[in-house]
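In: any chance you can model this:
(one chain, ligands or ions: 3)
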Amino acid sequence: MKIAVPKEIKNHEYRVALTPTGARELTGRGHSVSVQAGAGEGAGFQDGDYQQAGATIEPNVDALWQNAELILKVKEPQPEEVARLTPEHTLFTYLHLAAEKSLTQGLMKSGATCIAYETITDAKGGLPLLAPMSTVAGRMAVQAGAHSLEKAQGGSGVLLPGVPGVAPGSVTVIGGGVVGENAARMALGLGADVTILDKSIARLEVLDDRYQGRIKTVYSTADALDHAVRTADMIVGAVLIPGAAAPKLITRAMLADMKPGSVLVDVAIDQGGCFETSRPTTHAEPTYIVDGIVHYCVANMPGAVARTSTLGLTNATLPFVLALADKGWQKALADDAHFLPGLNVHNGKVTYRAVADAFGLENVDPASMVK
Ligand SMILES: NC(=O)C1=CN([C@@H]2O[C@H](COP(=O)(O)OP(=O)(O)OC[C@H]3O[C@@H](n4cnc5c(N)ncnc54)[C@H](O)[C@@H]3O)[C@@H](O)[C@H]2O)C=CC1
Ligand SMILES: CC(=O)C(=O)O
Ligand SMILES: [Mg+2]
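Out: Numbers count the residues shown, from 1 in each chain. Ligands and ions are numbered 1, 2, ... in the order given. This next block holds a predicted model:
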């Protein structure tokens, strides 16, 4: 299989989809790996490291895409990348299509086979290719939110741990999955007063048992959200309905009930965001203020800690990359019921129900595409 690894071009995205370790596994099985010159630099991997692993370095981005069968990326293709896709390509990357109609249409038009990291499942009901980056983003959320609380950033001037004689700040996390638990852990470590809201009682039970009362768990209702906006210094948005657009849980009107200078960190922004006033931002300009409330809505948070993130992500993706390379996409997906839901677009059709539903498009069963 001819495999290409482009350099990521999203704003301040420094991750790379394949490490030299992964390249060695692929070339050792007889695959050809072509890495765009400089693609690994942001994550601390030099071109020579890939060459030592048997890969070739391609300085010409046109040639890289034209000669590839399987394209490995990290972030959703940007418009100039969508324009390069053809029906001969299999693309394996984060897609988050339910948040982006034009991207969905572009991928359909390309005719390419597009497999998303974030909709692959596992036997425990998890999302194994989202989880490592959710861990990173959850941990970063509190770091970013704490910085945003500083006066110079437009924040209220609350220090999360407080000081002796002054109460700590209050952090509410909406959605107690991977992002939410990791955000809560960091907030707890800083000494904040931490509450997690979730709709899943089973998940709240796990968190209650794990943190033994050090984190408060609350069943998420309209009343619970009203209470959160009135009391929290920082709210982290961490909900997910897999593959679907995030529900809007805090409306613009509710911002009026928040303490001025409080912070909303919308990690769910890559699925459209769970606050009405959220819009995607970049690491270059991560925050903006609406009605006195600081919003942090970076859609590729892990890109800022590219070394850790690249290692964590590629540990999880490599087995799937090897299956795609060894078997081809149809057999790889047909053989693995958890890999199959990764297929989001093939031959101009949407094959993931939540994406089709988001845009009123026909949904085609992915199983019918791999026979
Ligand atoms: N901005 C960024 O850079 C990154 C964003 N993410 C995003 O973060 C989001 C969360 O991901 P994970 O934690 O991995 O998902 P997860 O599936 O582990 O957790 C989601 C949780 O939300 C809960 N939930 C769903 N609807 C809810 C509602 N209406 N109210 C309260 N809770 C609700 C679920 O019960 C579940 O516990 C996803 O959109 C993911 O794509 C992940 C990594 C990086
Ligand atoms: C999950 C995701 O969108 C990211 O890691 O950038
Ligand atoms: Mg996006």
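
In: which parts of the stretch 51-200 of the chain are helices?
Out: 61-66, 79-82, 101-110, 131-148, 178-189 (DSSP state H, counting those that start in this stretch).

In: would you mind saying which of these lies nearest ligand 2?
Out: Closest approach to ligand 2 among the helices of the stretch 51-200 of the chain (CB to the nearest ligand atom): helix 131-148, 3.4 Å. From N, CA and C alone the C-beta is placed, and that goes for glycine too.

In: which parts of that closest one are buried?
Out: Neighbour-count burial for helix 131-148 flags 131-148 (criterion: 16 or more other CB atoms under 10 Å).

In: that one to helix 178-189, inter-axis angle?
Out: 40 degrees (axes from the mean of the first three to the mean of the last three CA atoms, to 10 degrees).

In: which secondary structure elements does helix 131-148 contact?
Out: Helices and strands touching helix 131-148, by 3 or more CB pairs under 8 Å, 6 or more residues apart in numbering; DSSP states H and E, are helix 178-189, strand 234-237, strand 263-266, strand 293-296, helix 306-327.

In: do it and ligand 1 meet?
Out: Yes: using CB under 6 Å from any ligand atom, helix 131-148 reaches ligand 1 at Ala131, Met133, Ser134, Ala137.

In: could you pick out the residues of this structure near ligand 1 for me?
Out: Within reach of ligand 1 by CB under 6 Å from any ligand atom, the chain has these residues: 118, 127, 130-131, 133-134, 137, 174-180, 197-200, 203, 220, 238-241, 247, 249, 267-271, 298-302.

In: domain parsing for the protein?
Out: 2-120+306-369, 131-299 (automatic domain parsing).

In: relative to ligand 2, which of those is closest?
Out: Going by CB to the nearest ligand atom, the one of the domains of the chain nearest ligand 2 is domain 131-299, 3.4 Å.

In: quick check: buried residues in stretch 143-162?
Out: Quick answer for stretch 143-162 (16+ other CB under 10 Å): 143-150, 153-156, 158-160.

In: could you pull up the mean pLDDT of it?
Out: Mean per-residue pLDDT for stretch 143-162: 98.

In: again, but for stretch 11-25
Out: 97.

In: got the contact list for Ala37?
Out: Lys7, Asp47, Ile57, Glu58, Pro59 (CB atoms under 8 Å, 6 or more residues apart in numbering).

In: neighbours around the closest residue to it other than its chain neighbours, how many?
Out: In space, and not counting its chain neighbours, Ala37 is closest to Pro59: 4.3 Å by CB to CB, 6 or more residues apart in numbering. Pro59 has 10 neighbouring residues, counting by other CB atoms under 10 Å.

In: from Val33, how far out is Pro59?
Out: 15 Å (CB to CB, to the nearest Å).

In: per-residue pLDDT of the residue of the chain most remote from its centre, please?
Out: Using CA atoms, centre = their mean, the residue of the chain lying farthest from its centre is Gly165. It sits 38.9 Å away. pLDDT recorded at Gly165 is 98.

In: could you measure from it over to ligand 1?
Out: Applying CB to the nearest ligand atom, to the nearest Å, the value for Gly165 to ligand 1 is 35 Å.

In: try Asp49
Out: Using CB to the nearest ligand atom, one gets 26 Å for the distance from Asp49 to ligand 1.

In: please identify the helix or strand for that residue.
Out: Assigned by DSSP states H and E, Asp49 belongs to helix 47-52.

In: how about Val345?
Out: Assigning secondary structure by DSSP H and E places Val345 in strand 343-346.

In: before we move on, what about Ala224?
Out: Using DSSP H and E, Ala224 sits within helix 222-231.

In: residues of that helix that come out buried?
Out: For helix 222-231, the neighbour count (16+ other CB under 10 Å) marks Leu225, His227, Ala228, Val229, Thr231 as buried.

In: what about it, average pLDDT?
Out: 98.

In: who touches the helix or strand harbouring Asp209?
Out: Under the criterion of DSSP H and E, Asp209 resides in helix 201-211. Outside helix 201-211, the residues that touch it by CB under 8 Å, 6+ apart are Gly176, Gly177, Glu181, Ala184, Leu188, Ile196, Asp198, Ile215, Thr217, Val218, Tyr219.

In: same check on stretch 102-109?
Out: In this structure, residues lying in contact with stretch 102-109 by CB under 8 Å, 6+ apart are 76-77, 79, 82, 85, 91, 95, 97, 114, 344-345, 348-350, 355, 359, 361.

In: report pLDDT for the closest residue to ligand 1 within the stretch 151-300 of the chain.
Out: For the stretch 151-300 of the chain and ligand 1, the shortest gap (CB to the nearest ligand atom) falls at Gly177, measuring 1.7 Å. Per-residue confidence (pLDDT) for Gly177: 98.

In: I'd guessed it sits against Leu130; true?
Out: No: assessed by CB atoms under 8 Å, Gly177 is found out of contact with Leu130, at 9.4 Å.

In: roughly how far apart are Thr310 and Val163?
Out: 37 Å.

In: which of the two has more neighbours?
Out: Between Thr310 and Val163, counted using other CB under 10 Å, the more crowded position is Thr310 (24 against 9).
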